[in-house]
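# Sequence first, then the predicted structure, then my questions.
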Amino acid sequence: MNKYDTLREAVLAAQDLLLDKDELLDDGADLWDVYNLLDAFVDEEPVDGYYCVGYDGRIGYTEDNGTTVKWIYTVTRRNPTLISLAEYAEKHGKALSSVRQMAQRGSLKTARKIGRNWVIDADEPYPDRRIKSGKYVGRKRQRGRKK
């Protein structure tokens, strides 16, 4: 992971990735075009840690050697096709309550609340965090046995 002393340097490093895919940076409150973000941070104060750029163009900040990164700008598409959470749940064959909980927890990257309704990008894949490697197969049976 490359280290950058200023946010401007990190944005310049992510610029090619973001412009190739025509994507924006999201800080949780606003969506930023690369050029607007570069103009906004002309004079910035030095920081104790350093900035880093993820493989997808997101920008983070860390105070240690990079083991703990706080991602301050995530990447989002410029013109996503938004659908309701009910449509998303039906599309993926999941319960609406489960999808709503995931949106509230932040597990769905593009889920946004507009007024009292939740919307999500139609192309976002359903996150499947199950372990499929077989690493834990038979673990319950082995726990009860004495060695």
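Perfect, thanks for sending it.
# drop to CA atoms for contacts and neighbour counts, all remaining ones
Will do.
# Distance of Gly57 relative to Leu85?
According to C-alpha to C-alpha, to the nearest Å, Gly57 and Leu85 sit 27 Å apart.
# same question, Lys132
Counting by C-alpha to C-alpha - Lys132 and Leu85 are separated by 27 Å.
# Those two - which one has more neighbours?
Legend: neighbour count by other C-alpha atoms under 10 Å for Lys132 and Leu85, higher for Leu85 (23 against 9).
# tell me which element Glu124 is part of?
Mapping Glu124 onto the secondary structure by DSSP states H and E places it in no helix or strand at all.
# Leaving out chain neighbours, which residue sits closest to it?
Thr110 (7.2 Å; C-alpha to C-alpha, 6 or more residues apart in numbering).
# same thing with Ala14?
Closest to Ala14 by C-alpha to C-alpha, 6+ apart is Gly57, at 5.1 Å.
# Please apply the same query to Leu37.
Nearest to Leu37 is Val11, by C-alpha to C-alpha, 6+ apart, at 7.8 Å.
# before we move on, what SS does that neighbour have?
helix (DSSP: H, G, I helix; E, B strand; the rest coil).
# Quickly note the distance from it to Ile72.
12 Å.
# So what touches the top strand by length along the chain?
Counting residues, the longest strand in the chain under DSSP state E turns out to be strand 70-77. For strand 70-77, contacts defined as C-alpha atoms under 8 Å, 6 or more residues apart in numbering pick out 22-28, 56-62, 110.
# Quick check: pLDDT value at Tyr61.
In this model, Tyr61 is scored at 87, pLDDT.
# Okay, now the sheet partners of the helix or strand where it lies, with direction.
Taking DSSP H and E as the criterion, Tyr61 maps to strand 59-62. Sheet pairing for strand 59-62, assigned by DSSP bridges, gives strand 50-53 (antiparallel), strand 70-77 (antiparallel).
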